[in-house]
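In: Structure for the following, please:
(one chain, ligands or ions: 1)
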Amino acid sequence: MTDEPNLPDAISAENTPSETAVAGAPQVGVIMGSQSDWETMRHAIDTLEALGVAYETKIVSAHRTPDRLADYARTAVERGLSVIIAGAGGAAHLPGMCAAWTRLPVLGVPVESHALKGMDSLLSIVQMPGGVPVGTLAIGKAGAINAALLATSILAIGDEILAARLETWRALQTASVRDEPER
Ligand code: RP5
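Out: Reported below is the predicted structural model:
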């Protein structure tokens, strides 16, 4: 039995683009290596939507669509993105290769793999050589949610509306924690 609140539903943000968004243009790019990553990465999308952050999402594989990855990451700045969230599993090169092509902050989400429970994904993403950073989150759903929250925190540095929504999120989360365990 979990007490986990449905914060995306609870926050009831207005779902309008934040004040730094230009005509609803995406500020966050959410990419994933495969359709099979959707079940994890949808939690990042749900969180961004709840907070009213303008985003775009795309399947971009470092291995299967390398040219798509290069095009996506190399044009990310000029297209107005501020942060990229990249989720991948197994030999998860996507976040690191994406970071190689752009100066934007890249947040990596290790998707849980069948063979190694996501340890392979985690280590593939987290062990970047010095000079090309990827901010690595937890394996799976928690990492996807936190990547969205962290992306929003980055945007909120210059956006009071998003900052207020994050404060609301935290307050709802705090209010949802029981004082004593249910027996
Ligand atoms: C990675 O390989 C993807 O990110 C995915 O997590 C994993 C398996 O992909 P599929 O074989 O399910 O397409 O590139």
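In: where along this protein do the helices fall?
Out: 7-10, 38-51, 66-74, 94-101, 119-126, 141-156, 160-175 (DSSP state H).
In: okay, now the nearest residue to His63 once chain neighbours are set aside: neighbour count?
Out: Nearest-residue entry for His63: His93, 7.0 Å, with adjacent residues in sequence omitted and distances by CB to CB, 6 or more residues apart in numbering. Placement of C-beta: from N, CA and C, glycine included. By the criterion of other CB atoms under 10 Å, His93 has 19 neighbours.
In: check contacts around His93.
Out: His93 makes contacts with 62-63, 124, as judged by CB atoms under 8 Å, 6 or more residues apart in numbering.
In: Tell me the residues of this structure that contact the ligand?
Out: Within reach of the ligand by CB under 6 Å from any ligand atom, the chain has these residues: 33-34, 36-37, 61, 63, 88-90, 111.
In: can we see that at 5 Å?
Out: Contact residues, the chain versus the ligand (CB under 5 Å from any ligand atom): 33-34, 36-37, 88-90, 111.
In: on that earlier part again, mean neighbour count, the helices of the chain: which tops it?
Out: Neighbour counts (mean count of other CB atoms under 10 Å) averaged over each of the helices of the chain peak at helix 94-101, with a mean of 24.
In: other SSEs contacting that one?
Out: strand 28-32, helix 66-74, strand 83-89, strand 106-111, helix 119-126 (3 or more CB pairs under 8 Å, 6 or more residues apart in numbering; DSSP states H and E).
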